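Student: this is the structure alone, sequence omitted:
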């Protein structure tokens with residue numbers, strides 16, 4: 001998983017980043033809420049770990065702003081605030097889970113897997129299957145089916161669809177999609193690949209946002 005860790009405490013932040021990386025996770029550690037909001041809007045993450053005591057504001061305010069921005073990423077609050085009122089406030093403002101410090105890294109990882117599993121198609125067996133309407137894209141086996149029937153995609157078409165399905169209803173810019181899916185020196189343009197992809201999966205899935213990029217609707 002690619003995780004955005006928002007934690008202002010230097011010692012804890014370093015320890016969490018190191019422990020999660022040791023478990024094979026890709027972790028971006030940020031200490032300020034403003035920086036986190038900017039990176040979450042521009043980068044692709046699977047989940048956010050959010051401390052509530054940030055130097056430039058309350059983590060609850062950041063949580064509310066992210067949800068107001070339309071951000072649907074799983075967000076797990078990690079905090080020393082352990083009252084029932086704090087826990088309810090965090091969950092009501094849009095947190096997917098709430099974990100009180102101190103905690104074991106094993107529990108943190110289990111909760112991360114659970115919130116990502118609920119938000120995506122990650123199965124209990126470790127398979128990663130992304131589902132939108134009647135499309136099912138198996139990331140590990142690199143197989144796409146529509147209504148149970150297989151659909152053959154090129155490598156570039158698969159990467160484009162994967163990028164969109166990982167972030168449904170979020171507009172991905174042309175630059176983001178090109179960086180993710182188009183190899184260096186690729187002769188065909190993004191629009192050509194997207195046209196081929198649409199022909200293969202049919203209408204009603206991928207929508208063009210003129211001047212910005214593309215989005216896949218649930």
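Tutor: Sure, I can see it. Keep in mind the model is a prediction, meaning the values are calculated, not measured.
Student: and residue 182, how close does it get to residue 107?
Tutor: Residue 182 sits 40 Å away from residue 107, going by CB to CB, to the nearest Å. All C-beta spots, glycine's among them, are computed from the backbone N, C-alpha and C.
Student: residue contacts, the residue most central in space within the chain?
Tutor: By CA atoms, centre = their mean, the chain has its centre lying nearest to residue 46, at 3.1 Å. Residue 46 makes contact with 1-3, 73-74, 116, 120, 166 under the criterion CB atoms under 8 Å, 6 or more residues apart in numbering.
Student: can you select the buried ones among those residues for me in ChimeraX?
Tutor: Those of those that count as buried under 16 or more other CB atoms under 10 Å are selected in ChimeraX with:
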select :1,3,73,74,116,120,166
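Student: export the contacts of residue 46 as CSV, with columns for pLDDT and distance to residue 174.
Tutor: Shown next, in CSV, are the contacts of residue 46 (pLDDT from 0 to 100; distance: CB to CB, whole Å):
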residue, pLDDT, distance to residue 174
1, 75, 26
2, 86, 21
3, 90, 26
73, 84, 21
74, 89, 26
116, 81, 27
120, 63, 24
166, 81, 17
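Student: the contacts of residue 46 in helices, which ones?
Tutor: By the criterion of DSSP state H, membership of the contacts of residue 46 in helices covers 116, 166.
Student: check which helix or strand covers residue 156.
Tutor: helix 155-166 (DSSP states H and E).
Student: centre of the chain to that helix, how far?
Tutor: Averaged C-alpha coordinates place helix 155-166 at 14 Å from its chain's average position (CA atoms, centre = their mean, to the nearest Å).
Student: what about residue 78, is that helix, strand or coil?
Tutor: What DSSP: H, G, I helix; E, B strand; the rest coil gives for residue 78 is strand.
Student: surely it meets residue 48?
Tutor: No - under the criterion of CB atoms under 8 Å, residue 78 is not in contact with residue 48, lying 10.1 Å apart.
Student: who has more neighbours out of those two?
Tutor: Between residue 78 and residue 48, counting by other CB atoms under 10 Å, residue 48 is the more crowded of the two (27 against 22).
Student: so that one bridges to which residues?
Tutor: Beta bridges link residue 48 to residue 4, residue 75 when assigned by DSSP bridges.
Student: check contacts around it.
Tutor: Residue 48 neighbours (CB under 8 Å, 6+ apart): 3-6, 36, 40, 66, 73-76.
Student: mind checking which of these are buried?
Tutor: Buried by 16+ other CB under 10 Å: 3-6, 36, 40, 66, 73-76, out of the contacts of residue 48.
Student: for residue 3, see how far away the residue nearest to the centre of the chain is.
Tutor: As judged by CB to CB, residue 46 and residue 3 stand 7 Å apart.
Student: show me the domain layout of the chain.
Tutor: 2-120, 129-216 (the TED database).
Student: which parts of this structure are helices?
Tutor: Here the chain has its helices, by DSSP H, at 10-22, 33-42, 59-68, 84-92, 105-119, 155-166, 174-181, 190-201.
Student: of all the ones you listed, which lies closest to residue 148?
Tutor: Minimum separation from residue 148 across the helices of the chain (CB to CB) falls at helix 190-201, 13.8 Å.
Student: name the residues that touch stretch 205-213?
Tutor: Stretch 205-213 has contacts (CB under 8 Å, 6+ apart) with 132-133, 135, 164, 171-177, 194, 197-198, 214-217.
Student: pLDDT at residue 198, what is it?
Tutor: Looking at residue 198, its pLDDT is 96.
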